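K.L.:
got a predicted structure plus its sequence, pasted below:
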Amino acid sequence: MNIYVLLKRTFDTEEKISVANGAIQEDGAEFIINPYDEYAVEEAIQIRDDKGGEVTVVSVGTEESEKQLRTALAMGADKAVLINIEDDIEDGDQFTTAKILAEYLKDKEADLIIAGNVAIDGGSGQVGPRVAELLDIPYVTTITNIEIDGETVNIVRDVEGDSEKIQTALPLLVTAQQGLNEPRYPSLPGIMKAKKKPLEELELDDLDLEEEDVETKTKTIDIFLPPKKEAGRVLEGDLSDQVAELVNALHKEAKVI
């Protein structure tokens, strides 16, 4: 099978993120593979090991994304492709990324494309479905199980805490949800092998794209951290006194009743 994984470099959610002048400060920040994309990489590797074929991870970004692509190679992917837009695009959005990925994938005869359900930095969940629409192939989001039998694909997807079973066919794009698998850690032999695996770097010119072809459809007005939560307080006294104090606080302080 010819399997492609869409991968994004994101902030490490366990690191403290600082915002200044309406922008996230990247200096000193740690970056990782978007966690939902890790599920995608793991599932692609498992399917390849079961069905045969090749796994290629693809990322749109800057040279800094090479580290995350090498991590995916160390996990077990076969090849990596970095579409470097650093010199061409100052600010991109979901349309930009999807357009570039679709242009790259349009002649690759992919059997299966796997993306993360959402990116933890933007959370839009748009890139995967947009790529599928541009390629004119079916897609299923938030999958928690996938079984492939020839051209037939049986999928279980998460729907607001419940499950839905879907049957479709290849070629196909799916987005990975938590619970699909448990991503592996790169092993030392895997890390060593990853250094020798091919990592191709492309630019917009290589895809016959111009900047106006991928011009953003949205604009970020501002970025800010949520307000700090005030410390809670414990109500004391008889139950009736606590209820009265709570109602008074909700009415006069929180102004919600």
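P.N.:
Here it is on my side, so go on. Residues are numbered from 1 along each chain as shown.
K.L.:
for the chain, which helix is longest?
P.N.:
helix 35-51 (DSSP state H).
K.L.:
which residues touch the residue lying closest to Thr96 once chain neighbours are set aside?
P.N.:
Closest residue to Thr96 apart from its sequence neighbours, by CB to CB, 6 or more residues apart in numbering: Val214 at 4.6 Å. Heads up, the C-betas are built off the backbone N, CA and C, glycines and all. Going by CB atoms under 8 Å, 6 or more residues apart in numbering, Val214 touches Ile89, Gly92, Phe95, Thr96, Lys99, Ile100, Leu204.
K.L.:
picking up where we left off before, for the longest helix of the chain, buried residues please.
P.N.:
Of all the residues in helix 35-51, those buried under the rule 16 or more other CB atoms under 10 Å are 35-48.
K.L.:
now do stretch 144-154
P.N.:
For stretch 144-154, by 16+ other CB under 10 Å, it's Thr144, Asn145, Ile146, Ile148, Val153.
K.L.:
which of the residues you listed sits closest to Glu230?
P.N.:
Thr144 (37.6 Å; CB to CB).
K.L.:
which helix or strand contains that closest one?
P.N.:
Taking DSSP states H and E as the definition, one finds Thr144 inside strand 139-149.
K.L.:
now what about that strand, what contacts it?
P.N.:
1, 43, 47, 51, 112, 117, 125, 128-129, 132-133, 153-159, 163, 166, 168, 170, 172-177, 179-180.
K.L.:
isn't Gln242 right up against Arg233?
P.N.:
No. Gln242 sits out of contact with Arg233 when judged by CB atoms under 8 Å, with a separation of 11.2 Å.
K.L.:
and these two? which has more neighbours close in?
P.N.:
More crowded of Gln242 and Arg233, by other CB atoms under 10 Å: Gln242, with 13 against 8.
K.L.:
number of residues surrounding the residue lying closest to that one once chain neighbours are set aside?
P.N.:
Once flanking residues are discounted, Gln242 sits nearest to Leu235: 4.1 Å by CB to CB, 6+ apart. Leu235: 12 surrounding residues under other CB under 10 Å.
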